[in-house]
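Q: This is a predicted model, with the sequence first.
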Amino acid sequence: MTASLSLHYYYAQWSLGTVLLAFSPDGLCAALPGDDRQALLADLQKRHQRAPLSPVTTDNDGRRAAALQALEQAGSTLTPPLVPQGSEFQRAVWRVLQTIPAGQTRTYGQVAALMGKPAATRAVASACAANPIAVLIPCHRVLRADGGLGGFRWGLELKRALLQRESAVTGAT
């Protein structure tokens, strides 16, 4: 993110708690769930050190509403444009994650294999941990090789809730 692009951010409530949504002129660059608003803002500032940040309380352009609707609807295709900041490898991982259908999961190794980099399992896990757009870039759909939940940047309770909700909506087991 260049210094000339300012980010507008909102705190919003969704069915699973509070989320900080941040938008650049090009689209959604962060969806950070959590209970501590100061920690969420610090996370956003760390990710976009050179960008001016502006809090916004109104949703004049409907982007916040669109992002919240997408967060609530598993597998929604009605998302605002996603513009996550990351390395080329991270963005490649995040593109693969977006192909995992709601209600389904993959292992870190399967994601690495889909990228043509079967030895990059740990790097895939690191890219998942760096994901700035929770739920809409569905890193919660990635599990350990043994089927365990593994880690989740925003807590295993949220990961479990997201997977259960998607499974219920899609009828997957």
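A: Perfect, thanks for sending it. Numbering: from 1, shown residues only.
Q: Show me what the host helix or strand of Lys46 is packed up against.
A: Take DSSP states H and E as the rule and Lys46 turns out to sit in helix 37-47. Under the contact criterion of 3 or more Cβ pairs under 8 Å, 6 or more residues apart in numbering; DSSP states H and E, helix 37-47 touches strand 7-14, strand 17-24, strand 27-33, strand 53-55. Where you see a C-beta, it was placed from the backbone N, CA and C, and this is true even at glycine.
Q: can you list the residues that contact it?
A: Residues outside helix 37-47 that contact it (Cβ atoms under 8 Å, 6 or more residues apart in numbering) are Leu7, Tyr9, Tyr11, Thr18, Leu20, Ala22, Ala30, Leu32, Gly34, Leu53, Gln85, Pro132.
Q: and the fourth one, bridged to which residues?
A: In other words, Thr18. Beta-bridge partners recorded for Thr18 (DSSP bridges): Gln13.
Q: Next, the angle from the longest helix anywhere in the chain to strand 27-33.
A: Using DSSP state H to define each element, the chain has its longest helix at helix 156-170. Per axes from the mean of the first three to the mean of the last three Cα atoms, to 10 degrees, the angle that helix 156-170 makes with strand 27-33 is 110 degrees.
Q: List the buried residues in helix 156-170.
A: By neighbour count on 16 or more other Cβ atoms under 10 Å, the buried set for helix 156-170 is Leu158, Lys159, Leu162, Leu163, Arg165, Glu166, Ser167.
Q: between these, which is nearest Ala112?
A: Lys159 (19.4 Å; Cβ to Cβ).
Q: who's in contact with the spatially closest residue to that closest one that is not a sequence neighbour?
A: Excluding the flanking residues, the one nearest Lys159 by Cβ to Cβ, 6 or more residues apart in numbering is Phe152, at 3.9 Å. Going by Cβ under 8 Å, 6+ apart, Phe152 touches Cys139, His140, Leu158, Lys159.
Q: Thanks a lot, catch you later.
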